[in-house]
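Visitor: coords please:
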Amino acid sequence: QVQLVESGGGLVQTGDSLRLSCSCSGLTFTDYAMGWFRQAPGKDREFVAAITWSGTSIVYGDSVKGRFTISRDNAKNTVYLQMNGLKPEDTAVYYCAATKVYTVVAIQYDFWGQGTQVTVSS
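Guide: Presented below is the predicted three-dimensional model:
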């Protein structure tokens with residue numbers, strides 16, 4: 001049974017930082033590229049970042065470039081999202097996901113976590 005479990009969300013103020021973690025089990029972690037997406041109330045799911053299995057290729061959504069950093073630790077089956085300079089518009093539920101195809105397209109991801117809430121107050 002594949003499980004992706006996010007953690008690290010919370011309530012912060014504008015300009016603060018948070019680090020999200022996503023611990024994976026039930027799959028061969030190095031077979032998968034990993035991604036982060038987010039969804040705010042009333043909005044479509046938005047691509048945030050993706051990383052290849054080796055970490056050698058990374059891509060970010062335009063709204064988070066320069067502020068967020070995705071990384072992974074294959075020894076721990078974990079992917080991270082370091083979020084700096086948080087803004088109220090970053091408020092959303094953040095999801096990690098696994099795919100065998102390095103992509104920014106949500107429908108191409110095979111497995112998803114349950115999400116973690118990030119709220120940024122102004």
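Visitor: can we go C-alpha only for contacts and neighbour counts from here?
Guide: Noted.
Visitor: if I pick the spatially closest residue to Tyr102 that is not a sequence neighbour, what's in contact with it?
Guide: Among residues not flanking Tyr102 along the chain, Ala33 sits closest, at 5.6 Å (CA to CA, 6 or more residues apart in numbering). For Ala33, the contact set (CA atoms under 8 Å, 6 or more residues apart in numbering) comprises 50-53, 98-102.
Visitor: Mind checking which of the residues you listed are in strands?
Guide: In this view, the contacts of Ala33 that belong to strands under DSSP state E are 50-51, 98-99.
Visitor: List phi and psi for the spatially most central residue of the chain.
Guide: Geometric centre of the chain, nearest residue: Trp36, 2.4 Å, by CA atoms, centre = their mean. When read as degrees, to the nearest 10, the backbone of Trp36 gives phi -120, psi 140.
Visitor: so it touches Val48, yeah?
Guide: Yes. Contact criterion CA atoms under 8 Å: Trp36 and Val48 qualify, at 5.3 Å.
Visitor: need the next SSE after the helix or strand hosting Val93, C-terminal direction.
Guide: Per DSSP states H and E: Val93 is located in strand 92-99. With elements assigned by DSSP H and E, the helix or strand that comes after strand 92-99 is strand 111-112.
Visitor: Give me the contact list for that next one.
Guide: Strand 111-112 is contacted from outside by 2-4, 95-99, using CA under 8 Å, 6+ apart.
Visitor: any chance of the ones in strands among the contacts of Ala33 in a markdown table, plus distance to Ser57?
Guide: Listed next are the ones in strands among the contacts of Ala33 as a markdown table, based on distance: CA to CA, whole Å:
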| residue | distance to Ser57 |
| --- | --- |
| Ala50 | 8 |
| Ile51 | 6 |
| Ala98 | 15 |
| Thr99 | 14 |
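Visitor: quick one: which of those residues has the most company?
Guide: Within the ones in strands among the contacts of Ala33, most neighbours by other CA atoms under 10 Å means Ala50, with 29 neighbours.
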